[in-house]
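Colleague: Pasting a predicted model and its sequence here:
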Number of protein chains: 2
Amino acid sequence: MTDAPRPPRRTEIRQQNEMLILQAAEKVFAEAGFGGATMQLIADMAGLPKANLHYYFPTKEDLYRRVVYDIFEIWLHAADSMDQAPGPIEGIGAYIQAKMEISRRHPNGSKVWAFEVMHRAPVIQDYLETTLRAWTTGRVRLIERWIAEGKMAPVDPEHLLYMLWATTQHYADFGHQIETLNAGPLSDADWQKATNSVKTMILRGIGAL
Amino acid sequence: MTDAPRPPRRTEIRQQNEMLILQAAEKVFAEAGFGGATMQLIADMAGLPKANLHYYFPTKEDLYRRVVYDIFEIWLHAADSMDQAPGPIEGIGAYIQAKMEISRRHPNGSKVWAFEVMHRAPVIQDYLETTLRAWTTGRVRLIERWIAEGKMAPVDPEHLLYMLWATTQHYADFGHQIETLNAGPLSDADWQKATNSVKTMILRGIGAL
DNA sequence: CCACAGCCTGACCAACCGGTCAAGAAAATT
DNA sequence: AATTTTCTTGACCGGTTGGTCAGGCTGTGG
């Protein structure tokens, strides 16, 4: 039955090296974009010879694709916190919390995503049209239900989602600008303050407080 | 007296060609980033031979720098609408309005700015530390005054500014994602709706409504 | 011990990049 | 009309890029 064209066994070596490469690639792609990134730089950062990269990822585009897909997975999982919440205070509050934590821990991933979308999404256009659209319409219905139940003001659900994405991802994508204005990296307390500010302003903005 | 190193006279030809090049460059830099953009592509889009670009802009970096500076100017002028306002409803409302219009009319400029900041601002770092910081502290004081006068809730002024930037620029930087979810470009009515949504949510979020 | 699949890599290549330059065309100035 | 400045451009160059490949290395199962 398993006569597929030789599925390469997932050896430990393979797994570890792929991870090394993907981590380095995420950083380089985030800092230089697809066109500005070079396989040599990724190789150096991963501590491997360039030819080794092409052994695991045949082309630069294959590598980039994997990085973008991995990020997309993280985005989607963050949405779970929004479901199964009794109302917007818990649901949207938890979603903001989750997305702010992702912005803090995966800033490079967020940047690669931003870069990809600004490029008119050559790699993940189909995902936008299928997975993301389905996700969006689902949450729009959830928000509409909350509105109908009088748990929040009658805001436009789509624009609320855009606002949630924009504000939370801003702390990753424009982290450098924020750090410059802050005269240094954000501390734990700074992140806490940022998260609370976003939560308070948005929850009050939608009339949930 | 005017024995500076030959200030090149602003001929009509020069002015027009520089504009052509800058427009093409803004688009290409926005869509491909600095590293991904090529002088040849910009030249083709401007309808000029590549060597001609180097006549007006000696290096790729010079051209990029000009594009970024021009955008920065637009950003700053948008801030004027915030000053000389009696309170947050007029001031911040007008600022949102102005920034949404910029997002609509200069989406490529916004993307180049985003790209530059994500790159840790190699070109405009000094501007961030001087001009932008000065601008920011000024507006922070303005917001603090409004809070002290009881015209809005005691929100953190810096994070309010980040929210304003994030939400308004999102419609430019992530325009492709929004258009995909919207199943087509935003109409006049769509933009009106978006602007009103952002205004309403933020103004209510800061307790000004 | 062998066999063999997976892993590694220095050397190499065609294509493309930003940038140069010299020679001339077109305008502007006198 | 003469002259000087500005503008235009095809051809070219050194350097870098993504990608290839042959040959060697390594670990594991028999």
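Modeller: Arrived safely, thanks for sending.
Colleague: low pLDDT regions in chain A?
Modeller: Chain A contains residues with pLDDT under 70 at A:1-10.
Colleague: let's see it at 80
Modeller: A:1-11 (pLDDT under 80).
Colleague: what's in contact with whichever strand or helix holds residue A:52?
Modeller: According to DSSP states H and E, residue A:52 maps onto helix A:50-56. With Cβ atoms under 8 Å, 6 or more residues apart in numbering or on different chains as the test, helix A:50-56 has contacts from A:14, A:17, A:18, A:21, A:39, A:40, A:42, A:43, A:46, A:63. In this view, the C-beta of every residue, glycine as well, is placed from N, C-alpha and C.
Colleague: Which secondary structure element is home to the second one?
Modeller: Secondary structure assigned from DSSP H and E places residue A:17 in helix A:12-36.
Colleague: So the nearest residue to residue A:61 once chain neighbours are set aside: helix, strand or coil?
Modeller: Nearest residue to residue A:61 in three dimensions, chain neighbours excluded: residue A:123, at 7.7 Å (Cβ to Cβ, 6 or more residues apart in numbering or on different chains). Here residue A:123 is coil, with the state taken from DSSP: H, G, I helix; E, B strand; the rest coil.
Colleague: Whatever residue of chain A ends up closest to DNA strand C: how many residues sit nearby?
Modeller: Closest residue of chain A to DNA strand C, Cβ to the nearest atom of the strand: residue A:51 (2.9 Å). A count of neighbours around residue A:51, defined by other Cβ atoms under 10 Å in any protein chain shown, yields 9.
Colleague: If you count neighbours, what's buried in the helix holding residue A:52?
Modeller: Neighbour-count burial for helix A:50-56, counted by 16 or more other Cβ atoms under 10 Å in any protein chain shown, picks out A:53, A:56.
Colleague: Helix or strand next in line after it, which one?
Modeller: Moving toward the C-terminus from helix A:50-56, the next helix or strand (DSSP H and E) is helix A:60-78.
Colleague: what about that following helix and DNA strand C, touching?
Modeller: No - residues of helix A:60-78 are not located near DNA strand C by Cβ under 7 Å from any atom of the strand, the shortest gap being 13.3 Å.
Colleague: could you point out which element follows that helix?
Modeller: Following helix A:60-78 in sequence, per DSSP H and E, is helix A:88-105.
Colleague: Can you spell out which helices and strands pack onto that next one?
Modeller: Applying 3 or more Cβ pairs under 8 Å, 6 or more residues apart in numbering or on different chains; DSSP states H and E, we find helix A:88-105 packed against helix A:60-78, helix A:107-118, helix A:133-148, helix A:157-173, helix A:188-205.
Colleague: Measure how far it is from the centre of its chain, please.
Modeller: Centroid separation for helix A:88-105 versus its chain: 12 Å, with Cα atoms, centre = their mean, to the nearest Å.
Colleague: any residues touching it, and which ones?
Modeller: A:74-75, A:78-79, A:81-83, A:85, A:109-110, A:142-143, A:146, A:151-152, A:164-165, A:167-172, A:175, A:191, A:194-195, A:198-199, A:202-203, A:206, A:208-209.
Colleague: can you do 7 Å?
Modeller: Under the contact criterion Cβ atoms under 7 Å, 6 or more residues apart in numbering or on different chains, helix A:88-105 has outside partners A:74, A:78, A:81-82, A:85, A:110, A:146, A:151-152, A:164, A:168-169, A:171-172, A:191, A:194-195, A:198-199, A:202-203, A:206, A:208.
Colleague: Can you name the residues that contact the nearest residue in space to residue A:106 that is not next to it in sequence?
Modeller: Nearest non-adjacent residue to residue A:106, counting by Cβ to Cβ, 6+ apart: residue A:74, 6.2 Å away. Going by Cβ under 7 Å, 6+ apart, residue A:74 touches A:102, A:106, A:109.
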